[in-house]
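Visitor: would you be able to build a 3D model of this:
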Amino acid sequence: MENYKSGFIAIVGRPNAGKSTLLNALMKEKIAIMTDTPNTTRNNIAGILTKDDVQYVFVDTPGIHKPQQQLGRVLNKNAYTAMEDCDVIAWIVDITQRFGPGDEFILNRIKSLRKPVLLLVNKIDRFSKEKMIQALMAWQQKYDFDEIIPLSAKDQENLDEVLATIKNYLPDGPAMYPDEMKTDHDENFRICEVIREKILNKTEEEIPHSIAVVLEKKEIRDGKAFINALVIVDRDSQKGILIGKQGSMIKEIRIASQRELSKMLGMRIDLELYVRVEKNWRNKEQKIREFGLDELNEGTR
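Guide: Numbers count the residues shown, from 1 in each chain. Sure thing, here's the model as predicted:
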């Protein structure tokens, strides 16, 4: 039998390139939350895919962007750490977007790391074959990538090719996680992320970037989970929007969250949501840490 392989693959890219969609498609289950809001992913989230002869540890990272606040700088730092610690960089780009300053930024980072880099060109379902070939050729001029793979994360097209190619670049070595483990984040983290996803999907514009979700209580009694979560916003006006007219918005969020959490935990859920204003928390390092967003100070890998 050939040697067992295992390693870390950092999935990097600009906001909204399809990183979380790709991770979930490769894992064939929902590991990372997905919304149309840029910068949905804030933490480095590992999806662990174990096969007979290989263990892939995919690390979904925050979209690399020009930061406006301290939180943005922390998110970029989370992504850079994943790039530095990984065995293979999987840079995912949206074929419908032109090469821009954000890509230049990522490319310069990649050049300094000297690691195998696979360019995953996503959303090919949106282009004709001719246009796709032109776009691939344009990307080829930018850097001497180890491999360029066109794919559609949404339609799960060409994912077997992605896995087979990544495997070629992983080092020989034993599995790093138990076979049954699918992610490195615990249940409490995943509960908060589900709630945050529902908020992002139901609220518009500036609210998504200014919220954090903190789990206050989780108790299981008589086959039912009682969960209290705190939603942090950074302005009074956002609290009003989030609660909605006569509590209508927060009720919608609570019901949608309960539905998904019930599936995830396999039991009935009683969820209580509270909203608190923490003015300008995205610029306060202590708050960013407190809300579990600064991975480097959390003692993770």
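
Visitor: which residues touch stretch 228-236?
Guide: For stretch 228-236, contacts defined as CB atoms under 8 Å, 6 or more residues apart in numbering pick out 191-192, 195, 199, 207, 210-218, 239, 242, 271-282, 291. Any C-beta I mention is one placed from the backbone N, CA and C, and that applies to glycine too.

Visitor: what residues sit buried inside it?
Guide: Ala229, Leu230, Val231, Ile232, Val233, Asp234 (16 or more other CB atoms under 10 Å).

Visitor: from Glu180, how far out is the nearest residue to the third one once chain neighbours are set aside?
Guide: This means Val231. The shortest distance from Val231 to any non-neighbouring residue, by CB to CB, 6 or more residues apart in numbering, is to Val275 (4.9 Å). According to CB to CB, to the nearest Å, Val275 stands 36 Å off from Glu180.

Visitor: more crowded one of those two?
Guide: Higher neighbour count among Val275 and Glu180: Val275, with 16 against 7, using other CB atoms under 10 Å.

Visitor: name the SS class of the more buried one, please.
Guide: Under the three-state scheme (DSSP: H, G, I helix; E, B strand; the rest coil), Val275 adopts strand.

Visitor: now swap in Ser237 and tell me
Guide: Ser237 is classified as helix under three-state DSSP.

Visitor: count the neighbours of it for me.
Guide: Going by other CB under 10 Å, the residues that sit close to Ser237 add up to 11.

Visitor: low pLDDT regions in this structure?
Guide: Applying pLDDT under 70 to the chain picks out residues 1-2, 204-206, 208, 295-301.

Visitor: which helix runs longest in it?
Guide: Counting by DSSP state H, the longest helix found in the chain is helix 248-265.

Visitor: helices or strands up against that one?
Guide: helix 187-202, strand 224-233, helix 236-243, strand 268-277 (3 or more CB pairs under 8 Å, 6 or more residues apart in numbering; DSSP states H and E).

Visitor: please repeat the previous calculation with a cut-off of 6 Å.
Guide: Helix 248-265 is packed against helix 187-202, strand 268-277, with contacts defined by 3 or more CB pairs under 6 Å, 6 or more residues apart in numbering; DSSP states H and E.

Visitor: among those, which is nearest Leu163?
Guide: Comparing the helices and strands packed on helix 248-265 against Leu163 with CB to CB, the closest turns out to be helix 187-202 (23.9 Å).

Visitor: and for Asp155, nearest residue in space, chain neighbours not counted?
Guide: Using CB to CB, 6+ apart, the closest residue to Asp155 is Asp125 (5.2 Å).

Visitor: again, but for Asp234
Guide: Asp234's closest residue in space is Ser210 (CB to CB, 6+ apart), at 4.5 Å.

Visitor: quick one: Thr96 from Thr61, how far?
Guide: Computed with CB to CB, the distance linking Thr96 and Thr61 is 21 Å.
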